[in-house]
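Colleague: sharing a model that was predicted from the sequence below.
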Amino acid sequence: MDSRERLQKRINGVTKDDVMLGFLVSGALEAMRQSLGREPVNAIWKQVAGDSSLFAFFKYPVSWLMETLRQASTLKGAPQDFDHFLRQTAQGMVMRSLDTPLGKTMALLGKSSPHKLISSAVTAVMTMFSFSQSRYDETGPRSCTVTVTEQHLGPVFYGTCVETTVNAMTKEKCTVTPEPRNDSGTDFVLSVRW
């Protein structure tokens, strides 16, 4: 599905204006540190971002996280399967984000239904990234699609974020199937079922 080559194409396509909130970057970094070790991930981060401190609601270049993902995926102990590495990091990022004010607000929405949670999350995500557009479409009582464009983190990472959020915040077991719509994987459709 995804690959280091696709990720490199996405890295090549980002601009300095493509930024994301710090609590997401921090969550992804902590997930990588937990699975690969603090020192090697910190060394990569320092090379990519310098001595920059991360603050939850400040915005940072998405390219920093993308390049860290690319390099960390080659570390000793990283899963051989690139999709697995992306899923592992995305799951860790989401689980760490649930303790933030935004995560707690999303949890309140999730108690009513996956449809309400996903449709609200699609809107919330657009405030977390300066890039990426998403559209939610209900396709049945237990399914929907999310059409995403210009999402630099790609279909596996983003799809795992949706799946992890629904599974963590509702009583439903959700599965997400991403379908890339372009060569780099910035545009895709997620088929979501529970």
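Modeller: Looks like it arrived, so ask away.
Colleague: for the worst-scoring helix or strand of the chain on mean pLDDT, packing partners?
Modeller: Least confident element among the helices and strands of the chain, by mean pLDDT, DSSP states H and E: helix 101-110 (a mean of 76). For helix 101-110, the contact count by 3 or more CB pairs under 8 Å, 6 or more residues apart in numbering; DSSP states H and E identifies helix 114-128, helix 154-169 as packing neighbours. In this view, the C-beta of every residue, glycine as well, is placed from N, C-alpha and C.
Colleague: the helix or strand that the first one is followed by versus helix 114-128: what angle between them?
Modeller: Following the chain from helix 114-128 toward its C-terminal end, the next helix or strand by DSSP states H and E is strand 133-140. Angle of strand 133-140 versus helix 114-128, following axes from the mean of the first three to the mean of the last three CA atoms, to 10 degrees, is 180 degrees.
Colleague: on that earlier part again, can you check what angle separates the least confident helix or strand of the chain from helix 114-128?
Modeller: Using the same axes, to 10 degrees, helix 101-110 lies at 160 degrees relative to helix 114-128.
Colleague: got the contact list for helix 101-110?
Modeller: 23, 97-98, 116-117, 120-121, 124, 128, 165-166, 169-170 (CB atoms under 8 Å, 6 or more residues apart in numbering).
Colleague: out of those, which comes closest to W64?
Modeller: W64 has its nearest neighbour among the contacts of helix 101-110 in F23, at 14.2 Å by CB to CB.
Colleague: tell me the contacts of the closest one?
Modeller: Here F23 is in contact with 56-57, 96-97, 100, 102 (CB under 8 Å, 6+ apart).
Colleague: likewise for T149?
Modeller: Contact partners of T149, counting by CB under 8 Å, 6+ apart, are 132-134, 186-187.
Colleague: coming back round to it: how about the least confident helix or strand of the chain as CSV, C-alpha atoms only?
Modeller: Taking C-alpha atoms only, helix 101-110 is exported to CSV below (Å, rounded to 0.1, in the frame of the first residue of the first chain):
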residue,chain,number,x,y,z
PRO,A,101,-8.5,18.9,25.3
LEU,A,102,-9.3,18.2,21.7
GLY,A,103,-9.2,14.4,22.3
LYS,A,104,-11.5,14.7,25.3
THR,A,105,-13.9,16.8,23.1
MET,A,106,-13.8,14.1,20.4
ALA,A,107,-14.5,11.4,23.1
LEU,A,108,-17.8,13.2,24.0
LEU,A,109,-18.8,13.1,20.3
GLY,A,110,-17.9,9.5,19.9
